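Q: got a structure for you, letters missing:
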């Protein structure tokens, strides 16, 4: 008898567990949908005319497949993808959704519903007018888009006229005779979503793709989708870049390495140089101490001249190695930037990535120079030192 009681209790507990699981499985299923409600749906199947969606309801949702096509008529999604859609209506158990209001529709009534539900509408930019653009909306309804609301950045009118874009109706007055739209608000929402996604995935040292949006003397600003960061001019190349406009242009696509992330101050920096092979890796096999090589004067400083042996590999010709014993006030007295000269390598410091140079054919090619800005080596010295040096100079002249 006790066994029967225990069995009854066990069965009761199983019934309760089953009921709880059933309730949990139906949680959210059949939730009330209202016109304009935005939800995330999963694509189940893409047909020629209709796409079927899992929208968390007892029935499937349907979406016009035309809304998934790009400008070239190619489908931009696949089964299993998640997309954001807006609920339109329920009829005979069918749930209709849209990603935006398109087509001729029924004029201002449909647009008013889109305005109230914040559903995007598709429009064509027809012409530039005072303060912005005239936009043709579904139903051949005219709307106004201010210059500031057509994009994230200023765009030339010639690039916009005739284009179809998605807009959010931000003002609907006078029964549709005064409609203001914005494309930028949709872009801002998209960037906000991208930014939140990057917060979870973006790491320093990670490679990302981006687009150059602006060029300045100190570097380039690059948009990686969701955030914009700085590519410093020093991170563009292993070689010295004098004018960033000579190597980059606005709109250029780049693969970059994330150098620094600061979400609190909204500051991000990238490196193009870190995606390139380090030219110093071949210095040991390409250059030898005592070897004679051609070079180009790339920069002049008080303490010497920097000479480029090849892209990313520079050496220092110290001022004490110039003039063949004569006093030189500044390297510019002998050289100019861009001048081709012949040099001899005196020292290679792999650890510091430095090369010390001397002029080929000079009296002294083998004593070490320093990268220090100390220019004392260019002075005349003491009287005793000059007297000691005089016989040596005379002997060298006799040898010649």
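A: In hand now; what should we look at? Here the structure is a predicted model, which is why all the values come from computation and not from measurement. Residues are numbered from 1 along each chain as shown.
Q: for residue 170, what are its contacts?
A: Residues in contact with residue 170 (Cβ atoms under 8 Å, 6 or more residues apart in numbering) are 149, 180-182, 185. For glycine as for every other residue, the C-beta is placed from the backbone atoms N, C-alpha and C.
Q: swap in 6 Å and give it another go.
A: 180, 182 (Cβ atoms under 6 Å, 6 or more residues apart in numbering).
Q: partner strands of the strand or helix carrying it, parallel or antiparallel?
A: Assigned by DSSP states H and E, residue 170 belongs to strand 164-173. Paired with strand 164-173 in the same sheet, following DSSP bridges, are strand 121-129 (antiparallel), strand 178-182 (antiparallel).
Q: what is the next helix or strand after the last one packed up against?
A: Using DSSP H and E, the helix or strand that directly follows strand 178-182 along the chain is helix 184-201. Contact here means 3 or more Cβ pairs under 6 Å, 6 or more residues apart in numbering; DSSP states H and E; on that basis helix 184-201 packs against strand 164-173.
Q: quick one: buried residues of the strand it packs on?
A: 165-170, 172 (16 or more other Cβ atoms under 10 Å).
Q: which single one of those residues is nearest to residue 337?
A: Within the buried residues of strand 164-173, proximity to residue 337 (Cβ to Cβ) peaks at residue 165, which comes in at 48.3 Å.
Q: ok, now how distant is the closest one from residue 150?
A: Remark: distance between residue 165 and residue 150 (Cβ to Cβ, to the nearest Å) = 8 Å.
Q: how about residue 206?
A: Using Cβ to Cβ, which is the criterion applied here, residue 206 is 32 Å from residue 150.
Q: what about the two, which has more around it?
A: residue 150 (24 against 11; other Cβ atoms under 10 Å).
Q: one step back: which one of the strands paired with strand 164-173 lies nearest to residue 326?
A: Here strand 121-129 is closest among the strands paired with strand 164-173 (Cβ to Cβ), at 67.5 Å.
Q: buried ones in the closest one?
A: 121-123, 125.
Q: avg pLDDT for stretch 300-318?
A: In this model, stretch 300-318 carries a mean pLDDT of 89.
Q: all helices for this protein, in order.
A: Here the chain has its helices, by DSSP state H, at 2-25, 108-117, 184-201, 283-286, 383-399.
Q: ok and the third one relative to strand 164-173, angle-wise?
A: Per axes from the mean of the first three to the mean of the last three Cα atoms, to 10 degrees, the angle that helix 184-201 makes with strand 164-173 is 120 degrees.
Q: buried sites along helix 184-201?
A: Going by 16+ other Cβ under 10 Å, helix 184-201 has these buried residues: 184, 186-187, 191, 198.
Q: go on, the shortest one?
A: Of the residues in helix 283-286, those with enough neighbours to count as buried (16+ other Cβ under 10 Å) are residue 283.
Q: lowest average confidence, helix or strand, in this protein?
A: helix 383-399 (a mean of 43; mean pLDDT, DSSP states H and E).
Q: now render the strands paired with strand 164-173 as TSV, adding mean pLDDT and distance to residue 86.
A: Shown next, in TSV, are the strands paired with strand 164-173 (pLDDT from 0 to 100; distance: least, Cβ to Cβ, whole Å):
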stretch	mean pLDDT	distance to residue 86
strand 121-129	92	11
strand 178-182	94	16
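Q: pipe these into CSV and attach distance to residue 342 per row.
A: Listed next are these as CSV, based on distance: least, Cβ to Cβ, whole Å:
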stretch, distance to residue 342
strand 121-129, 60
strand 178-182, 63
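Q: quick one: closest of those to residue 323.
A: Nearest of these to residue 323, taken as Cβ to Cβ: strand 121-129 at 64.6 Å.
Q: quick one, that closest one and helix 108-117 angle?
A: 100 degrees.
Q: what does strand 121-129 contact?
A: Applying Cβ under 6 Å, 6+ apart, the set of residues contacting strand 121-129 is 100-102, 114, 133-137, 157, 160-161, 163-164, 166-167.
Q: likewise for stretch 141-157?
A: 108, 111, 128, 131-133, 135, 137, 179-184, 187.
Q: again, only using 7 Å
A: 107-108, 111, 123, 128, 131-137, 160, 167, 176, 179-184, 187, 213 (Cβ atoms under 7 Å, 6 or more residues apart in numbering).
Q: start to end distance for it?
A: With Cα to Cα, to the nearest Å as the measure, stretch 141-157 spans 21 Å from end to end.
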